[in-house]
Each structure stands twice: as structure tokens, then as C-alpha cells.
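Colleague: Next one to model:
(one chain, ligands or ions: 1)
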Amino acid sequence: MSAFPKQNRRGFLQGVAAAGTAVTLGSSANRAFGLQSPNDRPVFATIGLRNQGWTITEKSIKFADFAALADVDANVLGANVEKTEKAQKKKPDAYKDYRNILDRKDIDAVMIATPDHWHTKIAVEAMYAGKDVYCEKPMTLTIDEGKLIEKVVKETGRVFQVGTMQRTECDERFLLAIALIKHGRIGTVQKVTCGINRMESSPVIPVVPVPAELDWDLWLGPAPKVDYRALPEMREGYGGGVPLFSNGHYSFRNWHEYSGGKMADWGAHHVDIASWALGASDTGPSKVTPVEFKLPVEYKDGNPVLHDQYNVATTFNIKVDMPNNVELFITSEGDNGILFEGTDGRFFVNRGKIAGKPVEDLKEKPLPEGAIEEIYGGKVSENHTANFIEGMKSRKQPISDVWSHNRMLEICHLSNIAMRLNRALNWDPVKREIIGDAQANTFLARESRKGYEINM
Ligand SMILES: NC(=O)c1ccc[n+]([C@@H]2O[C@H](COP(=O)([O-])OP(=O)(O)OC[C@H]3O[C@@H](n4cnc5c(N)ncnc54)[C@H](O)[C@@H]3O)[C@@H](O)[C@H]2O)c1
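Modeller: The predicted structure is shown next:
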């Protein structure tokens, strides 16, 4: 009996509706589930390798065998096949088209680290192909994509981990923060500020020939068909080795066509922790107000009028009315991290530190034994992949489940819609709809480009 049981498909097509996302029912609906892994090490494949894809592959090799990799950039693919072979002493198969991975019966799970506009399509198709899924954050491009993923997780019974690894890693600092809140160490929480840094604007970025190694049409996938743009200057440091200004590798973060800008990129981390700490993982805000923000190009009816330069908000301060009268601010100003303020004190946490009087007071008055484990729901896993694999074995959803992720990502997506339309939005967290604003509700979904609808 395999450690990674496959789910039967009974009823998984029942009620499949696309929640606003274009969907077709294709031949894969009849595809058999994959075979079961012969040993305790699951068989993985990674889709999208350049930056984060390699990071999660490398840190997962200790726990899983990588049978295949896929990337639409031949150079990225070749380099990562080499690195993976070196690290695990076995060469993975290489594909340009991720569907070759989904067709394989020997693969238990896929890790998805493509740009955001591809996440939902690949994740949904992977689940219907019988794979468990580790998908990078932010999981979706739209709120309705999140609803679709929830539906498919339920229908297929697949295990799904979102890549918000602050929940497991970072020396348990964020878990300690949540435990401090739960144990009343700042009294009643009144205000939470998530500092997630600003985005840069760009000069005009010209259309240039697509690099020979890149399948640009496949990179665009469900996004609108546009020309490839880049300037010669190269990005250095984190994510480097590609043009600093482009509409492709790494810089996809600067375009609403492929991402939710900084708001979703870093919001997916810090708003996630804030929402967990506030006990709001199954609810949401009542109102999202763009207090101050700057979009780098003119917008009309919520859409940028220029298409040759970056278009996501560069600076912002968003006020979010959370349950229990808590004010949540998401801002590009100040330090990256989360400041929790309550009736009895405040503290700050980020990936490098946790500081403030309630933290200092722990020396005199520690939290009760097992406080962290209680937050995490058991012993904290060795890393976020280990937690995913524990879920694959137990068939329980991992620590970054799609439901809690969607709830907090709704805040980020709503913040972007509010800035695009330049107005406050009232949100119904039960119906998961914007109240009394038909135009804003059209931004809950996006149409996929013809030929790239989600294949179910
Ligand atoms: N958890 C974290 O802390 C963290 C950190 C960085 C990035 N991320 C997330 O990881 C994702 C990727 O970010 P990145 O910085 O690695 O981007 P990147 O642009 O550097 O790399 C993305 C890779 O995906 C490939 N790709 C695009 N479409 C594909 C497809 N259909 N099939 C296969 N490959 C495809 C690209 O060719 C590229 O190699 C984003 O969603 C990002 O938010 C998460």
C-alpha cells in the first residue's frame, strides 16, 4: 500500500462550475489517476524553475525524488535539469509543456512556481490528473480563481499546500507572534500594520525580439496575447540575470496582467500571518479603503491606458476593516514586517526579528508549554515541503490550506481592485462579493485567452 494514496474520481465532475473562470471539459476528465509511489519518498515534478522554482525544488530533494521538470524557457530548463541531477544524483526528464508531467502516472505531486497567471490552470488540471499540489503564493490572479480551486480540492480530495512558508519556517517567529496574540499578551488587538514595501515604476519598455530560448506564447498562456518587451539593463541580486525592465521573467510582478503587484506578492505572506493571528481565516473584511496610493500609469475604468510600462501600484496605504473592529493597514511605507498593536502593548515581527515589550516579557513570563504547537496544529514540520508530504500521507490538508489562503488573498485582490477603481469597496465575506458595485465585481474574474481555458 502506497504512502501516497490516490483518490477515486467518484463525483469529482459533479457541479464543476468555473466560478467566473472560462472552463472546458476535456479529455483529461477520463484520464486515470497516477500509479502509487513504491516507497516512502514521493515522486515530484516542478513546473516553472527559474527563481523560486529552483528554491523549492532544492529544499525538497531531501524528502522527494524529482522525476521531471517543466519550463517554457529552454535555458532555464536545461540549467535546472543539471542542478537537480547534481543534487539528487538522478537526471529528471525535461519538458517544455507541463501537460507531459500531468500525463505521467508515476508522479505523485507537482510544485508550481510559474508566474501567477498560470497557477490556477496548472493547479486545477494537476488535481484532476490525480496529483497533489504545492503551488507558490499568491495562489491566484483573481478571487474567483480561488473559489474554483477550493471547489476542485473538495471534489478531487487532493492535498494542496500554498507556498506561504512563513507559516512553517523563519525560525517559528511568525508562529510565536500568533501565539502572543492568542495568549492575550497585547490585550485586545486594535490595529495591525503590514509593511510590504514599494514597487518601482519603469521607463517605456520597447518591443524587442523574443529570446530564442523562450516560448513567449506559452509563457503568456491564459493572459492576453501581447508582444515581448525588454530593456537591455540587467537585474542584479535576488531574481537577477534577466532584464531589469521587461514584461517577462521576474518582472511579471509589475504587471496586473500576470500578477497582483507587491500587494499580492508580499501581501500573501504578511497579510496571511495577520489574518491568521486575528482568527479571520474563514471570514473577511467588511470594507477596503485605498487611503493613499500611486499607480504609475493612467487608468480608465480600472484598466491601464498604457501598455508599454509597469502598471501595478508603486506606493500605497490601504485600510481594511476586519472583524471585531480591528483596523488592518497594508502599506508600502516603513519596515517590511507586521506591527501588532493592542490595548496592552505592541510588537513587531518580520523574517529576521520579533521585537517589543511583550517579547521581552517572555523571559519572565513564558508562554505555556506547547503554545506554538497548538497554533501550528502539532509539531512544527522541518520545512514547508515536509509539512506538505505529511499531508500527502495523512490525506489532511497542510498548514497553508487553500481556504485560509483565499480568505487573506481576497484582502489583497480587493485592495488592488480598490486602487484600480480609486474607491472604497464594501465586501460581503459570506457571499464573497463586493456589495453594491457591479463594475468592481467584474474584477473578481478574468477571462482566459482562447485556447488556454482551464481544461477539466
Ligand atoms: N514563497 C516565496 O517566498 C516566493 C518567493 C519568490 C517567488 N515566489 C512565487 O513563485 C512564482 C514564480 O516567481 P519567480 O520569481 O520564480 O519568477 P520567474 O519569472 O523568475 O520564474 C518563473 C519561471 O516559470 C516559467 N514559466 C512560465 N510559464 C510557464 C509554464 N506554463 N510552464 C512552465 N514554466 C513556465 C518561466 O519560464 C520562468 O522560468 C510567483 O508566483 C512568485 O510569487 C514565491
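Colleague: only C-alpha atoms for contact and neighbour calcs from this point on.
Modeller: Will do.
Colleague: which outside residues touch the helix or strand harbouring residue 100?
Modeller: Residue 100 is part of helix 99-103 when elements are defined by DSSP states H and E. The contact list for helix 99-103 (C-alpha atoms under 8 Å, 6 or more residues apart in numbering) reads 45, 68, 69, 70, 95, 107, 125, 126, 129, 131.
Colleague: now, which of these lie within helices?
Modeller: Mapping these onto helices (DSSP state H) picks out 125, 126.
Colleague: Could you give me the ChimeraX selection string for whichever of the contacts of helix 99-103 are buried?
Modeller: A single ChimeraX command is used to select the members of the contacts of helix 99-103 judged buried by 16 or more other C-alpha atoms under 10 Å:
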select :45,68,69,70,95,107,125,126,129,131
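Colleague: Residues of the stretch 201-350 of the chain that sit close to the ligand?
Modeller: Contact residues (C-alpha under 6 Å from any ligand atom) of the stretch 201-350 of the chain with the ligand: 218, 219, 239, 249, 250, 265.
Colleague: Check which residues of the helix or strand where residue 58 lies are buried.
Modeller: Here residue 58, judged by DSSP H and E, is contained in helix 52-60. Applying a neighbour-count criterion of 16+ other C-alpha under 10 Å, one finds 52, 53, 54, 56, 57, 58, 60 buried in helix 52-60.
Colleague: distance between it and the chain's centre?
Modeller: 15 Å (C-alpha atoms, centre = their mean, to the nearest Å).
Colleague: residues in contact with that helix?
Modeller: The contact list for helix 52-60 (C-alpha under 8 Å, 6+ apart) reads 46, 47, 80, 84, 87, 111, 112, 113, 114, 385, 386.
Colleague: Is that helix positioned near the ligand?
Modeller: Yes - on the criterion C-alpha under 6 Å from any ligand atom, helix 52-60 is in touch with the ligand at 52, 53.
Colleague: ok so, going back, restrict the contacts of helix 99-103 to contacts with the ligand.
Modeller: residue 70.
Colleague: Closest one to the ligand out of the contacts of helix 99-103, please.
Modeller: Nearest to the ligand out of the contacts of helix 99-103 is residue 70 (C-alpha to the nearest ligand atom; 5.0 Å).
Colleague: Now do the same for that closest one: its pLDDT.
Modeller: pLDDT for residue 70: 99.
Colleague: OK, contacts around it?
Modeller: 45, 46, 47, 48, 49, 77, 94, 95, 96, 97, 98, 101 are the contacts of residue 70 under C-alpha under 8 Å, 6+ apart.
Colleague: Give the bridge partners for it, please.
Modeller: residue 47, residue 95 (DSSP bridges).
Colleague: Would you tell me which residues of the stretch 51-200 of the chain are close to the ligand?
Modeller: Within the stretch 51-200 of the chain, the positions adjacent to the ligand are 51-53, 70-73, 76, 98, 113-116, 136-138, 163-164 by C-alpha under 6 Å from any ligand atom.
Colleague: so what's residue 191 bridging to?
Modeller: With DSSP bridges as the rule, residue 191 is bridged to residue 327, residue 341.
Colleague: Show me where the stretch 151-300 of the chain has its helices.
Modeller: Using DSSP state H, counting those that start in this stretch, the helices of the stretch 151-300 of the chain run over 173-182, 216-220, 261-265, 267-277.
Colleague: I'd like to know which elements the last one is packed against.
Modeller: Translated: helix 267-277. helix 173-182, strand 189-195, strand 337-342, helix 402-421 (3 or more C-alpha pairs under 8 Å, 6 or more residues apart in numbering; DSSP states H and E).
Colleague: Out of the ones you listed, indicate the one that is most buried.
Modeller: Mean neighbours per residue, mean count of other C-alpha atoms under 10 Å, is largest over the helices and strands packed on helix 267-277 for helix 402-421, with a mean of 25.
Colleague: after that one, next one along is what?
Modeller: Heading C-terminal from helix 402-421, the first helix or strand you meet, by DSSP H and E, is strand 425-428.
Colleague: strand partners of that next one, parallel vs antiparallel please.
Modeller: When pairing is defined by DSSP bridges, strand 425-428 lines up against strand 287-294 (antiparallel), strand 433-434 (antiparallel).
Colleague: Need those strands in CSV (columns: mean pLDDT and mean neighbour count).
Modeller: Shown next, in CSV, are these (pLDDT from 0 to 100; neighbours: other C-alpha atoms under 10 Å):
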stretch, mean pLDDT, mean neighbour count
strand 287-294, 98, 19
strand 433-434, 98, 19
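Colleague: And those strands: which comes nearest residue 169?
Modeller: The minimum distance between residue 169 and those falls on strand 287-294, with 29.6 Å, by C-alpha to C-alpha.
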